[in-house]
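Visitor: Below are the sequence and a predicted model; questions follow.
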Amino acid sequence: MRKAYFILIAFLLWPAPDPAQKALREQVSSRAPFVLELPEISSERIVTPIVRLAERDISVFKVRVVEPFSGEIRNTSLVITLNGAGVKRSCVQTRDLEGNVYTCTNNGLWEFAFVRGKNVLEVQATGAGGAEYYASYMVSVGDRSPNVAPPANGGRAEDFSGRKYALVVGVADYKFQDVGLTSLDFPDDDARAFADFLRSPQGGNFGAANVTMLLNGDASIISIRAALEDIAKRAGPNDMVMIYISGHGAPDPLNPKNLYFLFHDTKVVAMDRTAYPMADLQLYLDTRLAAKRVMVFIDTCHSAGVNQRSRTFVATRELTREDENNISNMFLAKRLYKNTGRAVLTSSDVNEVSRESTKWGGHGLFTWALLDGLGGKADRNKDGYVTAGEIFHFTREAVQRESAFQQNPIALPGSAENLTIATVPKKTAATVGQVITRNEKERRP
């Protein structure tokens, strides 16, 4: 009788399912409430995610919350960001027959700026019933083909004498292939090659016990978290940490403002529980890791985004007008790269797919260029060392040229620009002597 009593109490105390969350699972978070307007350019109302404009200054934009949603969405819950920075304080709310209008003006008091190239404007809000709404717009201003990044300054290579740790992750095989999630060809091979390089004399002789490599089935969400925690416990302020991740990266189809790394056991319908939030990597670097030198290499976004109609991933091609923008690499670049000594290199820019093909030696394009540069080609000043600045510049330039500027890595070496990350094998004395002897023989009559 007592056992039954406790069961009854547990049943009564068990939380009832949240109807709003259930509805959110059943119906993808909607961009339908939001309309973007650029009155200086056109009277057209923009509901599609991608906007391409000729180069010009944009000092005003409007976000319209249309009926019937305008009555449900609270003003205090509305958040508007441009390239990751909040801009709502520059907006004035008015109302007309169609709904609420937020007119955002760069008037010198609260400033914002659309830069040349790609800009990401995000709008999100919460309805009175708890439903979440989100839309992102990629506003491309000016020429779509960016210039090659300026060359590294070729300063004196900085020696490093601390301990070195690395987490190398490559996921080509995904256990739960549903809602458009597919396996990839080369991330596991890319990860093996990068780990092998780190363990080599040229790559710095990382100790075998200090390189954690997780591939395919071993790269579960639990093992990733455990590996990061282990490095945090072992790496001190004077040590260096390298993090390399190759695989899928994408927004949650049910809540596109949340961005994730997808590992072997990720379920698309439950990404909040089975994928690794990109925000958690930022939190880990900011609060858990003591090392002052951190280098992050991200080769994700093989899946470019989420189709809002079918709630599936869009893979191996550029986004079309009906697809949600891929903003994860912008998030990684802006959020991870903010502390002194932290360097970030991502495989592609906003709204781009990271390419992979057999023509790059069984590697993804990004990792092919990265390994090529680490092998010595990135040594721009020919001093026998490859620095962070040199490899970041080389990789970005090589990927841009090879892809005809359809894939543009984001390279931010920062204050780690002169940190040595590879050495270039020099010719031995015997080899040089043999060349001299051969040349002398050729000159003899």
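Guide: Thanks, I have it. Just so we're clear, the structure is a prediction, and the values are computed from it rather than from any experiment.

Visitor: Going by C-alpha atoms from here, please, whenever you check contacts or count neighbours.
Guide: Fine.

Visitor: Could you give the number of residues near the residue lying closest to Gly71 once chain neighbours are set aside?
Guide: Counting by Cα to Cα, 6 or more residues apart in numbering, the nearest residue to Gly71 once its immediate chain neighbours are dropped is Gly99, at 7.9 Å. Here the neighbour count serves as a burial measure; for Gly99 (other Cα atoms under 10 Å) it reads 16.

Visitor: Quick one: residues contacting Gly99.
Guide: Under the criterion of Cα atoms under 8 Å, 6 or more residues apart in numbering, the contact list for Gly99 reads 64-71.

Visitor: can you check Gln400 too?
Guide: Taking Cα under 8 Å, 6+ apart, we find Gln400 in contact with 148, 406-409.

Visitor: What residues sit buried inside stretch 252-271?
Guide: Of the residues in stretch 252-271, those buried by neighbour count under the rule 16 or more other Cα atoms under 10 Å are 252-268, 271.

Visitor: can you check stretch 162-177 too?
Guide: Neighbour-count burial for stretch 162-177 [16+ other Cα under 10 Å]: 163-175.

Visitor: Turn the residues you listed into CSV, columns for pLDDT.
Guide: Conversion of the buried residues of stretch 162-177 to CSV gives the following (pLDDT from 0 to 100):
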residue, pLDDT
Arg163, 93
Lys164, 94
Tyr165, 97
Ala166, 97
Leu167, 98
Val168, 98
Val169, 98
Gly170, 96
Val171, 95
Ala172, 93
Asp173, 94
Tyr174, 93
Lys175, 93
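
Visitor: Taking those residues, tell me the two that lie furthest apart.
Guide: Comparing all pairs in those by Cα to Cα, the longest separation belongs to Arg163 and Lys175, at 35.3 Å.

Visitor: Return the subset of the buried residues of stretch 252-271 lying in strands.
Guide: Secondary structure from DSSP state E places 252, 255-262 of the buried residues of stretch 252-271 in strands.

Visitor: Is it possible to get TSV of these that adds pLDDT and distance to Val79?
Guide: Shown next, in TSV, are those (pLDDT from 0 to 100; distance: Cα to Cα, whole Å):
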residue	pLDDT	distance to Val79
Asp252	81	19
Asn255	78	15
Pro256	75	14
Lys257	76	12
Asn258	82	14
Leu259	85	17
Tyr260	89	21
Phe261	92	24
Leu262	92	27
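
Visitor: Closest to Gly376 out of those residues?
Guide: Sorting these by how near they are to Gly376, with Cα to Cα, puts Phe261 at the top with 30.4 Å.

Visitor: Enumerate the beta-bridge partners assigned to that closest one.
Guide: With DSSP bridges applied, the residues forming beta bridges to Phe261 are Gly249, Tyr276.

Visitor: now do Val169
Guide: Here Val169 sits in beta bridges with Leu214, Ile245, as judged by DSSP bridges.

Visitor: got the contact list for it?
Guide: For Val169, the set of contacting residues under the criterion of Cα under 8 Å, 6+ apart consists of 188, 191, 213-215, 219, 244-246.

Visitor: Pretty sure Leu285 sits in a strand.
Guide: No: if the criterion is DSSP: H, G, I helix; E, B strand; the rest coil, then Leu285 is helix and not within a strand.

Visitor: contacting residues around the residue lying closest to it once chain neighbours are set aside?
Guide: For Leu285, ignoring the flanking residues on the chain, the nearest one in space by Cα to Cα, 6+ apart is Leu336 at 7.6 Å. With contacts defined as Cα under 8 Å, 6+ apart, the neighbours of Leu336 are 281-282, 285, 342, 344.

Visitor: Check Val35 too.
Guide: By Cα under 8 Å, 6+ apart, the contact set of Val35 is 45-47, 63-66.

Visitor: need these in a markdown table with distance to Val294 and pLDDT, can you?
Guide: Below are the contacts of Val35 laid out as a markdown table (distance: Cα to Cα, whole Å; pLDDT from 0 to 100):
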| residue | distance to Val294 | pLDDT |
| --- | --- | --- |
| Arg45 | 44 | 87 |
| Ile46 | 41 | 86 |
| Val47 | 40 | 78 |
| Val63 | 39 | 94 |
| Arg64 | 42 | 93 |
| Val65 | 42 | 92 |
| Val66 | 45 | 89 |
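
Visitor: Make TSV out of these and add neighbour count and secondary structure.
Guide: Listed next are the contacts of Val35 as TSV, based on neighbours: other Cα atoms under 10 Å; DSSP: H, G, I helix; E, B strand; the rest coil:
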residue	neighbour count	secondary structure
Arg45	14	strand
Ile46	16	strand
Val47	19	coil
Val63	22	strand
Arg64	23	strand
Val65	24	strand
Val66	20	strand
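
Visitor: Of those residues, which is the nearest to Val87?
Guide: Nearest to Val87 out of the contacts of Val35 is Val63 (Cα to Cα; 11.6 Å).

Visitor: and the closest one, what is it in contact with?
Guide: The contact partners of Val63, by Cα under 8 Å, 6+ apart, come to 34-37, 101-103.

Visitor: Can I get these in JSON lines including pLDDT?
Guide: Written out in JSON lines, the entries for the contacts of Val63 read as follows (pLDDT from 0 to 100):
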{"residue": "Phe34", "pLDDT": "91"}
{"residue": "Val35", "pLDDT": "91"}
{"residue": "Leu36", "pLDDT": "93"}
{"residue": "Glu37", "pLDDT": "93"}
{"residue": "Val101", "pLDDT": "94"}
{"residue": "Tyr102", "pLDDT": "95"}
{"residue": "Thr103", "pLDDT": "94"}
